[in-house]
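In: fold the following, please.
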Amino acid sequence: MKEMLTFSAELTADASERTISGKIVPFNGEVGNTSAGAVVFERGAINIADSTKVKLLLEHDPKQPIGRAQFFNETEEGIFASFKISKSSRGTDALIEASEELRTGLSVGVMVNAAKPKNGVLYVSSADLLEVSLVQAAAFKSAAVTDIAASSDEAVEETLPTESETATVEETTSAVEATPTVEAAAVEAARPAVTAMAYTKPRIEITAAKYAENTIRAALGDDAARQYIAAADNTTDNAGLVPTRQLSEIINPLSTTIRPSIDAISRGVLPDAGMTFEIPKITAVPTVAETAEDAAFSDTDQNAAFLSVSVKKYAGQQTFSVELLDRTSPAFFDELVRNMAAAYAKTTNAAVNAALIAGATADATTTVTYPTAAELLGIVARGSASVYGATAGLPNPFARNMVVSTGQWSNIMSLNDAGRPIYTASQPMNAGGVVSPTSLTGNVAGLNLYVDPTNAGDGDGTILIVNPDAYTWYESPTYRLRAESTAAGQVTIGYYGFGAIATKVGAGAFKNNKA
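Out: I've put the predicted structure just below:
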């Protein structure tokens, strides 16, 4: 049989040198609970073919490499290693988490070539090192090593591997049984251990394929197969042999980070200080007129005023117990931060959408229901002309974008000319635009389309025709705060940012008017 073992130990991190170091494998007969059960690594058991090719992963995920080994040093106590961390954002985050003791273990993944079980302990005499991972925490009882990230599984010889296992322990008949001497060592209190890679395997994997295979083997006289069939015949009486898997994927139909109304206008950098700022705005311009000989010139003063823009704070927080942070999957915190970012995006987008509707010029022509194709073209024509007249002084005075609700989007896709779709045509060469049911952007009558779920239905402002230069969204970076209360045993995470919507020319937007 084959098996991937994970074995954990403490580490040290040097953010300035971008290195993470620590003992990765202990010797001297120390027993660790790994993914294959209780294991002892004999000195010299770990083979490292090419140390320069050993990667440091995050939580044993091959898709998340964060560094590469610098060196390995084998002593009587165990194998020590140092890893150079990449300058990627993932590597920087790993250094911060290690230095702040959020991820405190080093865990190895090995392919065992030779091992022998004795008294419930697997003594490994030969194994190839495949990778080392930075894990959240570990718990290993030793004076030199405080942690381990692994799961317990005794009696390796009775275990059938599952499809979810990435590698295997091969038990060879030529392996020589080792009898290590377990020396006494001081025991330190281990930190809380939470490891995403730690799973407890069932002793028997009951699947249709395995059942069919063992049925055939049992018919040929295989005693082990007969035992398998006996265990598999009644899952009700052997509930412990039929595990319930929990997948790592997370279903979240509630959060999104799209901001269509913000995407439909211009963007700016928020000033570095103050809760208001001012933008000079011309309120009167000089005039030139036809003038008779010896007559006075046309005389009109240029005037300017300041447009005052208010800076708003958008913030949210969540408070939870330290147990939820330290004793659950790392996916909890990652998903929490993603959802807080999505909430921030939703709120800021709604603020901009409301400002566009408030400042927009209402169409003088009303529509009772969702507009027909002709009525939609009328709104586009009147809106484009209105926006052009209001923003003629801007460098680009034309309406270029259209923001619609999901209800209006649905109606636009249904518009047709004698049964021929106008905006969802499969051959759009002669179509009036391109609108797709699988995309929130498109083109309607020459305007860039943005679908915004913030404003639903077909009411006033569910169709907005906008010159993006007439409105600007100024925004700061977002910030994250963390506070811990030892008295309450709680952690509070705050997520916030600052933004300001500047309505430079209110009539630079035009909205539909429902009767």
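In: enumerate every residue touching A292.
Out: For A292, no residue meets the contact criterion (CB atoms under 8 Å, 6 or more residues apart in numbering). Using the backbone N, CA and C atoms, a C-beta is placed for each residue, glycine as well.
In: measure it to D299 for me?
Out: Counting by CB to CB, to the nearest Å, the separation of A292 from D299 is 15 Å.
In: and what of S133?
Out: In this structure, S133 lies at 78 Å from D299, with CB to CB as the measure.
In: can you count the residues close to the residue lying closest to L415 once chain neighbours are set aside?
Out: Counting by CB to CB, 6 or more residues apart in numbering, A373 is the residue found nearest to L415 once chain neighbours are left out, at 4.4 Å. Using other CB atoms under 10 Å as the criterion, A373 is surrounded by 17 other residues.
In: then I216?
Out: Other residues near I216 number 10, with proximity taken as other CB under 10 Å.
In: and it, what element?
Out: Element membership of I216, judged by DSSP states H and E, is helix 208-219.
In: please apply the same query to M413.
Out: When the helices and strands are read off by DSSP H and E, the one containing M413 is helix 406-414.
In: how about low-confidence regions in the stretch 401-515 of the chain?
Out: Counting by pLDDT under 70, the stretch 401-515 of the chain contains low-confidence ranges at 425-430.
In: can you check the stretch 251-400 of the chain too?
Out: Using pLDDT under 70, nothing in the stretch 251-400 of the chain is flagged.
In: how about 80 then?
Out: Flagging of the stretch 251-400 of the chain using pLDDT under 80 yields the residue ranges 329-330.
In: tell me how far A345 lies from S255.
Out: Remark: distance between A345 and S255 (CB to CB) = 9 Å.
In: more neighbours: these two, which one.
Out: Neighbour comparison, A345 and S255: the larger count goes to A345, with 19 against 14 (by other CB under 10 Å).
In: need phi/psi at the more buried one.
Out: Taking degrees, to the nearest 10, you get phi -60, psi -40 for the backbone angles of A345.
In: contacting residues for it?
Out: With contacts defined as CB under 8 Å, 6+ apart, A345 is in contact with T256, T257, I258, R259.
In: turn those into TSV, including neighbour count, distance to L447 and secondary structure.
Out: Below are those laid out as TSV (neighbours: other CB atoms under 10 Å; distance: CB to CB, whole Å; DSSP: H, G, I helix; E, B strand; the rest coil):
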residue	neighbour count	distance to L447	secondary structure
T256	14	23	coil
T257	13	24	coil
I258	17	19	coil
R259	20	19	coil
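In: among those, which one lies nearest to N443?
Out: When the contacts of A345 are compared for distance to N443, the smallest value, 18.1 Å, is given by I258; criterion: CB to CB.
In: in three-state terms, label the nearest residue to I79 once chain neighbours are set aside for me.
Out: Once flanking residues are discounted, I79 sits nearest to V25: 4.4 Å by CB to CB, 6+ apart. Secondary structure assignment for V25 (DSSP: H, G, I helix; E, B strand; the rest coil): strand.
In: mind checking how far V25 is from G32?
Out: 9 Å.
In: list the contacts of T257.
Out: By CB under 8 Å, 6+ apart, T257 lies in contact with A341, A342, A345.
In: and if we set it to 6 Å?
Out: In this structure, T257 makes contact with A342, A345, judged by CB atoms under 6 Å, 6 or more residues apart in numbering.
In: please apply the same query to I282.
Out: With contacts defined as CB under 6 Å, 6+ apart, the neighbours of I282 are A304.
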